[in-house]
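[1] sequence plus the predicted model coming up.
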Amino acid sequence: MTANDYYLKGNEYRRQGNWQQAINCYLEAIELDPESPAVQAKEMLDDILNYYNKDLYNP
């Protein structure tokens with residue numbers, strides 16, 4: 001598979017809500033092509049997963 005194939009497969013997993021598989025595919029794509037759009041996709045997914053809303057827990 002090419003870096004683009006892994007990137008597209010990662011997008012599919014992301015749409016399904018399968019975050020771990022999406023990250024794994026993005027990492028494979030990045031390993032094959034460090035300038036792949038998977039770099040930005042993984043960063044965005046990391047931001048989503050690391051989001052923490054303190055106001056929600058401390059009203």
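    Looks like it came in fine.
[2] drop to CA atoms for contacts and neighbour counts, all remaining ones
    OK.
[3] low-confidence ranges in this structure?
    Flagging of the chain using pLDDT under 70 yields the residue ranges 52-59.
[4] where exactly do the helices run in it?
    Using DSSP state H, the helices of the chain run over 3-16, 19-32, 38-50, 54-57.
[5] most tightly packed of those helices?
    Among these, ranked by average contacts under mean count of other C-alpha atoms under 10 Å, first place goes to helix 19-32 (a mean of 20).
[6] find the centremost residue of the chain, please.
    Nearest to the mean C-alpha position of the chain, counting by C-alpha atoms, centre = their mean, stands Lys42 at 3.3 Å.
[7] for that one, give me its contacts.
    Contacts here follow C-alpha atoms under 8 Å, 6 or more residues apart in numbering; on that basis Lys42 touches 23, 26-27.
[8] closest to Asp47 among these?
    Top of the list for closeness to Asp47, among those and by C-alpha to C-alpha, is Ile23 at 12.2 Å.
[9] what residues are up against that closest one?
    Per C-alpha under 8 Å, 6+ apart, neighbours of Ile23: 10, 42, 45.
[10] TSV for those, including distance to Asp33?
    Below are those laid out as TSV (distance: C-alpha to C-alpha, whole Å):
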residue	distance to Asp33
Gly10	14
Lys42	13
Leu45	18
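[11] of these, which is the nearest to Pro34?
    Lowest distance from Pro34 to the contacts of Ile23 (C-alpha to C-alpha) belongs to Lys42, with 12.0 Å.
[12] can you tell me how far Val4 sits from Asp47?
    For the record, residue 4 is Asn, not Val. Using C-alpha to C-alpha, to the nearest Å, Asn4 is found at 22 Å from Asp47.
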